[in-house]
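Undergrad: next input, structure requested:
(one chain, ligands or ions: 1)
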Amino acid sequence: MRKTLIAGNWKMHGSQDSIKDLLNGITGQLDASMDSDILVCPPTIYIDSVKKQLENAPVAVGAQNVSEQDQGAFTGEVSGDMLRDFGVEYVLVGHSERRSLFNESDEIVAKKFAKALEHGIKPVLCIGETLEQRENGTTMAVIKQQIDAVIDFYGDRDVALDKISQAVIAYEPVWAIGTGMTATPEQAQDVHSSIRNYLAETSQDTADKIQILYGGSMKASNAEQLLAQRDIDGGLIGGASLKADEFIAICKKAG
Ligand SMILES: O=C(CO)COP(=O)(O)O
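TA: Residues are numbered from 1 along each chain as shown. Next comes the predicted model:
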(Lines give C-alpha, C1' and ligand atoms only; values in the text may rest on other atoms or scores of the structure.)
Protein backbone atom coordinates (compact mmCIF):
# COMPACT_ATOMS: atom_id res chain seq x y z
CA MET A 1 0.00 0.00 0.00
CA ARG A 2 1.56 3.27 -1.10
CA LYS A 3 1.25 6.28 1.13
CA THR A 4 -0.06 9.50 -0.38
CA LEU A 5 2.37 12.42 -0.61
CA ILE A 6 1.14 15.97 -0.91
CA ALA A 7 3.99 18.28 -1.88
CA GLY A 8 4.05 22.03 -2.28
CA ASN A 9 6.50 23.56 -4.75
CA TRP A 10 6.66 27.20 -3.74
CA LYS A 11 8.83 28.04 -6.76
CA MET A 12 10.33 31.57 -6.46
CA HIS A 13 7.64 32.98 -4.18
CA GLY A 14 7.53 34.27 -0.63
CA SER A 15 9.23 36.46 1.93
CA GLN A 16 10.17 35.82 5.55
CA ASP A 17 6.84 37.28 6.66
CA SER A 18 4.63 35.58 4.11
CA ILE A 19 6.31 32.23 4.75
CA LYS A 20 5.78 32.57 8.49
CA ASP A 21 2.07 33.19 7.84
CA LEU A 22 1.84 30.30 5.40
CA LEU A 23 3.51 27.87 7.81
CA ASN A 24 1.37 29.02 10.72
CA GLY A 25 -1.67 28.50 8.54
CA ILE A 26 -0.55 25.00 7.59
CA THR A 27 0.59 23.77 11.00
CA GLY A 28 -2.45 25.28 12.72
CA GLN A 29 -4.75 23.16 10.58
CA LEU A 30 -2.94 19.83 10.67
CA ASP A 31 -4.97 17.17 12.35
CA ALA A 32 -4.68 13.50 13.12
CA SER A 33 -7.18 12.52 10.43
CA MET A 34 -4.66 13.39 7.72
CA ASP A 35 -2.56 10.36 7.06
CA SER A 36 -0.72 11.47 3.95
CA ASP A 37 2.89 12.60 3.99
CA ILE A 38 3.26 16.35 3.58
CA LEU A 39 6.21 18.13 2.01
CA VAL A 40 7.02 21.77 1.28
CA CYS A 41 9.77 22.93 -1.07
CA PRO A 42 10.67 26.55 -0.35
CA PRO A 43 13.22 28.64 -2.25
CA THR A 44 16.71 27.58 -1.08
CA ILE A 45 17.40 30.68 1.00
CA TYR A 46 14.37 29.99 3.22
CA ILE A 47 15.04 26.28 3.78
CA ASP A 48 16.83 26.71 7.09
CA SER A 49 14.19 28.92 8.64
CA VAL A 50 11.35 26.72 7.31
CA LYS A 51 13.06 23.65 8.83
CA LYS A 52 13.23 25.45 12.17
CA GLN A 53 9.62 26.62 12.03
CA LEU A 54 8.49 23.08 11.22
CA GLU A 55 10.63 21.45 13.88
CA ASN A 56 7.73 19.78 15.69
CA ALA A 57 5.37 19.44 12.74
CA PRO A 58 4.94 16.32 10.58
CA VAL A 59 5.89 18.22 7.45
CA ALA A 60 9.05 17.39 5.47
CA VAL A 61 11.17 20.02 3.77
CA GLY A 62 12.55 19.69 0.27
CA ALA A 63 14.65 21.75 -2.11
CA GLN A 64 13.73 22.75 -5.63
CA ASN A 65 17.11 22.04 -7.17
CA VAL A 66 20.51 20.48 -6.46
CA SER A 67 23.83 20.74 -8.23
CA GLU A 68 25.10 17.74 -10.16
CA GLN A 69 28.56 18.64 -8.78
CA ASP A 70 29.94 17.86 -5.32
CA GLN A 71 31.80 21.07 -4.53
CA GLY A 72 34.14 23.60 -6.10
CA ALA A 73 34.10 26.64 -8.34
CA PHE A 74 30.44 26.49 -9.34
CA THR A 75 29.18 29.97 -8.52
CA GLY A 76 25.56 30.08 -7.46
CA GLU A 77 25.16 26.32 -7.06
CA VAL A 78 24.10 24.39 -3.95
CA SER A 79 25.32 20.83 -3.44
CA GLY A 80 23.53 17.77 -2.12
CA ASP A 81 25.91 17.75 0.84
CA MET A 82 24.86 21.29 1.75
CA LEU A 83 21.18 20.44 1.48
CA ARG A 84 21.68 17.36 3.65
CA ASP A 85 23.61 19.51 6.13
CA PHE A 86 20.38 21.48 6.62
CA GLY A 87 18.22 18.39 6.99
CA VAL A 88 16.63 18.51 3.54
CA GLU A 89 14.83 15.23 2.84
CA TYR A 90 13.61 15.63 -0.75
CA VAL A 91 14.69 17.53 -3.84
CA LEU A 92 12.86 18.20 -7.09
CA VAL A 93 14.90 17.26 -10.13
CA GLY A 94 13.96 17.94 -13.71
CA HIS A 95 11.08 20.30 -13.10
CA SER A 96 9.85 21.49 -16.49
CA GLU A 97 10.78 25.08 -15.62
CA ARG A 98 14.38 23.98 -15.00
CA ARG A 99 14.37 21.95 -18.19
CA SER A 100 12.97 24.73 -20.38
CA LEU A 101 14.27 27.95 -18.74
CA PHE A 102 17.63 26.69 -17.49
CA ASN A 103 18.41 24.24 -20.30
CA GLU A 104 18.60 21.17 -18.09
CA SER A 105 18.93 18.19 -20.39
CA ASP A 106 17.73 14.68 -19.54
CA GLU A 107 21.41 13.84 -18.86
CA ILE A 108 21.87 16.68 -16.37
CA VAL A 109 18.61 15.73 -14.66
CA ALA A 110 19.86 12.14 -14.36
CA LYS A 111 23.11 13.36 -12.76
CA LYS A 112 21.15 15.48 -10.27
CA PHE A 113 18.92 12.50 -9.49
CA ALA A 114 21.96 10.34 -8.72
CA LYS A 115 23.67 13.09 -6.74
CA ALA A 116 20.61 13.53 -4.53
CA LEU A 117 20.47 9.81 -3.71
CA GLU A 118 24.20 9.75 -3.07
CA HIS A 119 23.62 12.33 -0.35
CA GLY A 120 20.66 10.55 1.17
CA ILE A 121 18.06 12.91 -0.29
CA LYS A 122 14.98 11.54 -2.03
CA PRO A 123 14.76 12.88 -5.58
CA VAL A 124 11.35 13.79 -6.96
CA LEU A 125 11.90 13.14 -10.66
CA CYS A 126 9.62 15.46 -12.62
CA ILE A 127 8.60 14.29 -16.07
CA GLY A 128 5.94 15.27 -18.55
CA GLU A 129 5.11 16.24 -22.09
CA THR A 130 4.38 19.58 -23.76
CA LEU A 131 1.04 20.27 -25.42
CA GLU A 132 2.63 19.79 -28.83
CA GLN A 133 4.03 16.41 -27.82
CA ARG A 134 0.63 15.33 -26.47
CA GLU A 135 -1.06 16.41 -29.69
CA ASN A 136 1.56 14.54 -31.72
CA GLY A 137 0.82 11.40 -29.75
CA THR A 138 4.34 11.21 -28.31
CA THR A 139 3.50 11.60 -24.60
CA MET A 140 4.75 8.17 -23.55
CA ALA A 141 7.79 8.32 -25.84
CA VAL A 142 8.85 11.57 -24.15
CA ILE A 143 8.23 10.18 -20.68
CA LYS A 144 10.11 6.96 -21.40
CA GLN A 145 13.04 9.02 -22.72
CA GLN A 146 13.07 11.08 -19.50
CA ILE A 147 13.07 7.90 -17.40
CA ASP A 148 15.59 6.18 -19.68
CA ALA A 149 18.09 8.99 -19.08
CA VAL A 150 18.21 7.93 -15.42
CA ILE A 151 18.47 4.25 -16.38
CA ASP A 152 21.29 5.05 -18.84
CA PHE A 153 23.14 7.02 -16.18
CA TYR A 154 23.42 3.90 -14.03
CA GLY A 155 24.13 1.74 -17.06
CA ASP A 156 22.39 -1.31 -15.64
CA ARG A 157 18.58 -1.56 -15.67
CA ASP A 158 18.30 -3.54 -12.43
CA VAL A 159 20.60 -1.16 -10.54
CA ALA A 160 18.74 1.83 -11.97
CA LEU A 161 15.33 0.45 -11.03
CA ASP A 162 16.55 -0.15 -7.51
CA LYS A 163 17.63 3.51 -7.37
CA ILE A 164 14.32 4.65 -8.84
CA SER A 165 12.51 2.66 -6.13
CA GLN A 166 14.14 5.03 -3.61
CA ALA A 167 12.74 8.08 -5.40
CA VAL A 168 9.41 9.69 -6.18
CA ILE A 169 8.13 10.41 -9.69
CA ALA A 170 6.01 13.46 -10.44
CA TYR A 171 4.07 13.45 -13.69
CA GLU A 172 3.56 17.06 -14.61
CA PRO A 173 2.16 17.67 -18.08
CA VAL A 174 3.83 20.94 -19.10
CA TRP A 175 0.58 22.25 -20.58
CA ALA A 176 -1.14 21.96 -17.20
CA ILE A 177 1.48 23.80 -15.14
CA GLY A 178 0.33 27.21 -14.00
CA THR A 179 -2.28 27.33 -16.74
CA GLY A 180 -5.41 26.37 -14.82
CA MET A 181 -5.77 23.57 -17.38
CA THR A 182 -5.68 20.36 -15.36
CA ALA A 183 -5.32 16.94 -16.93
CA THR A 184 -8.59 15.09 -16.47
CA PRO A 185 -8.42 12.31 -13.87
CA GLU A 186 -8.65 9.81 -16.77
CA GLN A 187 -5.83 11.45 -18.73
CA ALA A 188 -3.62 11.54 -15.64
CA GLN A 189 -4.46 7.96 -14.61
CA ASP A 190 -3.71 6.77 -18.12
CA VAL A 191 -0.17 8.20 -18.02
CA HIS A 192 0.43 7.17 -14.40
CA SER A 193 -0.48 3.56 -15.13
CA SER A 194 1.66 3.60 -18.27
CA ILE A 195 4.62 4.84 -16.21
CA ARG A 196 4.03 2.09 -13.66
CA ASN A 197 3.74 -0.53 -16.41
CA TYR A 198 6.95 0.72 -17.98
CA LEU A 199 8.82 0.37 -14.67
CA ALA A 200 7.24 -3.06 -14.14
CA GLU A 201 8.87 -4.30 -17.36
CA THR A 202 12.13 -4.29 -15.38
CA SER A 203 11.03 -4.36 -11.76
CA GLN A 204 7.54 -5.15 -10.49
CA ASP A 205 8.75 -4.31 -7.01
CA THR A 206 9.75 -0.76 -8.01
CA ALA A 207 6.51 -0.31 -9.93
CA ASP A 208 4.44 -1.41 -6.92
CA LYS A 209 6.38 0.67 -4.45
CA ILE A 210 7.05 4.01 -6.13
CA GLN A 211 4.85 7.01 -5.41
CA ILE A 212 3.79 8.73 -8.63
CA LEU A 213 2.48 12.24 -8.00
CA TYR A 214 0.39 14.34 -10.35
CA GLY A 215 1.25 18.01 -10.82
CA GLY A 216 -0.37 20.73 -12.92
CA SER A 217 -3.06 23.09 -11.67
CA MET A 218 -4.07 20.78 -8.84
CA LYS A 219 -6.28 22.57 -6.33
CA ALA A 220 -8.80 21.77 -3.63
CA SER A 221 -11.66 21.63 -6.14
CA ASN A 222 -10.08 19.00 -8.42
CA ALA A 223 -7.77 17.13 -6.01
CA GLU A 224 -10.29 14.56 -4.82
CA GLN A 225 -11.01 13.10 -8.26
CA LEU A 226 -7.35 13.08 -9.25
CA LEU A 227 -6.24 11.48 -5.99
CA ALA A 228 -8.99 8.87 -6.26
CA GLN A 229 -7.25 7.34 -9.30
CA ARG A 230 -5.56 4.04 -8.64
CA ASP A 231 -2.10 5.07 -9.81
CA ILE A 232 -2.07 8.65 -8.53
CA ASP A 233 -0.26 8.64 -5.19
CA GLY A 234 -0.29 12.32 -4.41
CA GLY A 235 0.20 15.77 -5.82
CA LEU A 236 2.97 18.23 -6.59
CA ILE A 237 1.27 21.53 -6.17
CA GLY A 238 2.46 24.96 -7.28
CA GLY A 239 0.12 27.94 -6.99
CA ALA A 240 -2.35 26.30 -4.60
CA SER A 241 0.44 25.40 -2.17
CA LEU A 242 1.00 29.09 -1.43
CA LYS A 243 -2.37 29.37 0.28
CA ALA A 244 -2.56 27.50 3.59
CA ASP A 245 -6.31 26.85 3.40
CA GLU A 246 -6.09 25.53 -0.13
CA PHE A 247 -3.05 23.36 0.60
CA ILE A 248 -4.62 21.91 3.74
CA ALA A 249 -7.87 21.29 1.88
CA ILE A 250 -5.89 19.22 -0.66
CA CYS A 251 -4.19 17.30 2.18
CA LYS A 252 -7.63 16.55 3.63
CA LYS A 253 -8.90 15.25 0.27
CA ALA A 254 -5.91 12.91 0.27
CA GLY A 255 -7.23 11.33 3.46
O1 LIG B 1 4.76 23.02 -11.44
C2 LIG B 1 3.97 22.63 -10.59
C3 LIG B 1 4.44 21.99 -9.36
O4 LIG B 1 5.78 21.64 -9.47
C5 LIG B 1 2.52 22.83 -10.74
O6 LIG B 1 2.27 24.18 -10.66
P7 LIG B 1 0.74 24.68 -10.57
O8 LIG B 1 0.09 23.88 -9.50
O9 LIG B 1 0.85 26.14 -10.23
O10 LIG B 1 0.14 24.42 -11.92
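Undergrad: tell me the residues of the stretch 1-150 of the chain that contact the ligand?
TA: For the stretch 1-150 of the chain, the contact set with the ligand under CB under 6 Å from any ligand atom comprises 9, 95. C-beta here means a position set from N, CA and C on the backbone, and glycine is covered the same way.
Undergrad: which stretches in the stretch 1-150 of the chain count as helices?
TA: For the stretch 1-150 of the chain, the helices defined by DSSP state H, counting those that start in this stretch cover 16-27, 47-53, 80-85, 96-101, 106-118, 131-135, 139-154.
Undergrad: would you mind giving those as TSV with mean neighbour count added?
TA: Formatted as TSV, the helices of the stretch 1-150 of the chain follow (neighbours: other CB atoms under 10 Å):
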stretch	mean neighbour count
helix 16-27	15
helix 47-53	17
helix 80-85	19
helix 96-101	16
helix 106-118	20
helix 131-135	14
helix 139-154	18
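Undergrad: name the nearest residue to L23, ignoring sequence neighbours.
TA: Once flanking residues are discounted, L23 sits nearest to Q53: 4.9 Å by CB to CB, 6 or more residues apart in numbering.
Undergrad: likewise T179?
TA: Nearest-residue entry for T179: S217, 6.2 Å, with adjacent residues in sequence omitted and distances by CB to CB, 6+ apart.
Undergrad: do M12 as well
TA: Nearest to M12 is P43, by CB to CB, 6+ apart, at 5.7 Å.
Undergrad: for that neighbour, grab the count of nearby residues.
TA: Applying other CB atoms under 10 Å, we find 16 residues neighbouring P43.
Undergrad: so which residue of the stretch 101-250 of the chain comes closest to the ligand?
TA: Relative to the ligand, the nearest point of the stretch 101-250 of the chain is G238 (2.3 Å; CB to the nearest ligand atom).
Undergrad: ok, that residue - contacts?
TA: Contacts for G238 were tallied using CB atoms under 8 Å, 6 or more residues apart in numbering; they are 8-9, 11, 177-178, 215.
Undergrad: what pLDDT does the model give it?
TA: With respect to pLDDT, G238 scores 98.
Undergrad: also the one 4 residues further on?
TA: Here the pLDDT value assigned to L242 is 98.
Undergrad: quick one: contacts for it?
TA: By CB under 8 Å, 6+ apart, the contact set of L242 is 8, 10, 13-14, 22.
Undergrad: now tabulate those residues in JSON lines and tack on pLDDT.
TA: Below are those laid out as JSON lines (pLDDT from 0 to 100):
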{"residue": "G8", "pLDDT": "98"}
{"residue": "W10", "pLDDT": "98"}
{"residue": "H13", "pLDDT": "98"}
{"residue": "G14", "pLDDT": "98"}
{"residue": "L22", "pLDDT": "98"}
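Undergrad: who wins for neighbours among those?
TA: Busiest of the contacts of L242 [other CB under 10 Å] is G8, holding 28 neighbours.
Undergrad: mind listing the strands for the stretch 151-255 of the chain?
TA: Using DSSP state E, counting those that start in this stretch, the strands assigned to the stretch 151-255 of the chain run over residues 168-171, 211-215, 234-237.
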